[in-house]
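Engineer: Curious how this folds, go ahead:
(2 chains)
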Amino acid sequence: IAGITQAPTSQILAAGRRMTLRCTQDMRHNAMYWYRQDLGLGLRLIHYSNTAGTTGKGEVPDGYSVSRANTDDFPLTLASAVPSQTSVYFCASSEQGVTGELFFGEGSRLTVL
Amino acid sequence: RKEVEQDPGPFNVPEGATVAFNCTYSNSASQSFFWYRQDCRKEPKLLMSVYSSGNEDGRFTAQLNRASQYISLLIRDSKLSDSATYLCVVFYGNKLVFGAGTILRVKS
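Structural biologist: Numbering: from 1, shown residues only, chains lettered A, B, ... in the order given. Sure thing, here's the model as predicted:
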């Protein structure tokens, strides 16, 4: 089934540890995004990539980095996790950029202790 | 003031009821508008885009009021399966802004 796959689905992590959330899509969409979702807040954009080889900062990029070596993969790395990064992380892709429909992965639930 | 504001609810309604949600946005330059649906502990999925003239998709009707800067979602003949969180999404300045969502619970 075509779509977006995220891994891991859930992770508990000690503060200070490095963590990479993986995201793979098979729809050949150019644009990909990482969001975090916290209770009482809307989804907030962390980083995005309009096409392979390019990335950009979103609303809340601090403490996170991304890479886009190819069209399909868009990993998100927390270099040194802190408790405030406890959240649900969604990867998304879009054929037409943000003006079109976003397709989301099932999310990665991260707890930083 | 938040860029996109929604009543968090929850809206508790019986099956068959009609329910409406409003969403207000602060930036008058907003260009596109959407409603996404998110089931509990699942990913958001596009429900419908919102056009200036209003649009309908089965039991769902979306409307845009640019003068008052709000969009609405009307659900007629509510089903148990409509229970979810509805996210209002606004596009402007090359970014999407998500509301925190309105919780709908449809009960038998």
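Engineer: Is residue A:29 in contact with residue A:101, as I believe?
Structural biologist: No: Residue A:29 is not in contact with residue A:101 according to Cβ atoms under 8 Å; the separation is 10.1 Å. Where C-beta positions appear, they are placed from N, C-alpha and C, glycine not excepted.
Engineer: Overlap in contacts, the two.
Structural biologist: By Cβ atoms under 8 Å, 6 or more residues apart in numbering or on different chains, residue A:29 and residue A:101 have these common neighbours: A:94-95.
Engineer: out of those two, which sits in the more crowded spot?
Structural biologist: Ranked by neighbour count (other Cβ atoms under 10 Å in any protein chain shown), residue A:29 and residue A:101 place residue A:29 first, with 20 against 14.
Engineer: Next, find the distance separating that one from chain B.
Structural biologist: Distance from residue A:29 to chain B, counting by Cβ to the nearest Cβ, to the nearest Å: 14 Å.
Engineer: and if you look at residue A:41?
Structural biologist: Counting by Cβ to the nearest Cβ - residue A:41 and chain B are separated by 6 Å.
Engineer: isn't that residue right next to residue B:99, touching?
Structural biologist: No: using Cβ under 8 Å, residue A:41 makes no contact with residue B:99, being 9.6 Å away.
Engineer: More neighbours: those two, which one.
Structural biologist: Neighbour totals were compared for residue A:41 and residue B:99, and residue B:99 leads with 28 against 15 (other Cβ under 10 Å).
Engineer: For the more buried one, give me phi and psi.
Structural biologist: Residue B:99 has phi and psi values of phi -80, psi 170 when expressed as degrees, to the nearest 10.
Engineer: residues contacting the one residue sitting closest to the centre of chain A?
Structural biologist: Note on chain A: the residue nearest the mean C-alpha position is residue A:34, at 2.9 Å, using Cα atoms, centre = their mean. Each residue near residue A:34 by Cβ under 8 Å, 6+ apart is listed here: A:21, A:23, A:45-48, A:58, A:64, A:66, A:74, A:76, A:89-92.
Engineer: Kindly report the same for residue A:75.
Structural biologist: By Cβ under 8 Å, 6+ apart, the neighbours of residue A:75 are A:20-23, A:66-67.
Engineer: redo that, cut-off 6 Å
Structural biologist: A:20, A:22 (Cβ atoms under 6 Å, 6 or more residues apart in numbering or on different chains).
Engineer: cool, and the one 3 residues further on?
Structural biologist: Under the criterion of Cβ under 6 Å, 6+ apart, the contact partners of residue A:78 comprise A:19, A:85.
Engineer: In space, what's closest to residue 89 - neighbours in sequence excluded?
Structural biologist: I'll assume chain A. residue A:108 (4.6 Å; Cβ to Cβ, 6 or more residues apart in numbering or on different chains).
Engineer: That was the other one, I meant chain B.
Structural biologist: With Cβ to Cβ, 6+ apart as the criterion, residue B:89 has its nearest non-adjacent residue at 4.2 Å, and that residue is residue B:34.
Engineer: which residues does the one you found bridge with?
Structural biologist: Note on residue B:34: beta-bridge partners residue B:49, residue B:89, judged by DSSP bridges.
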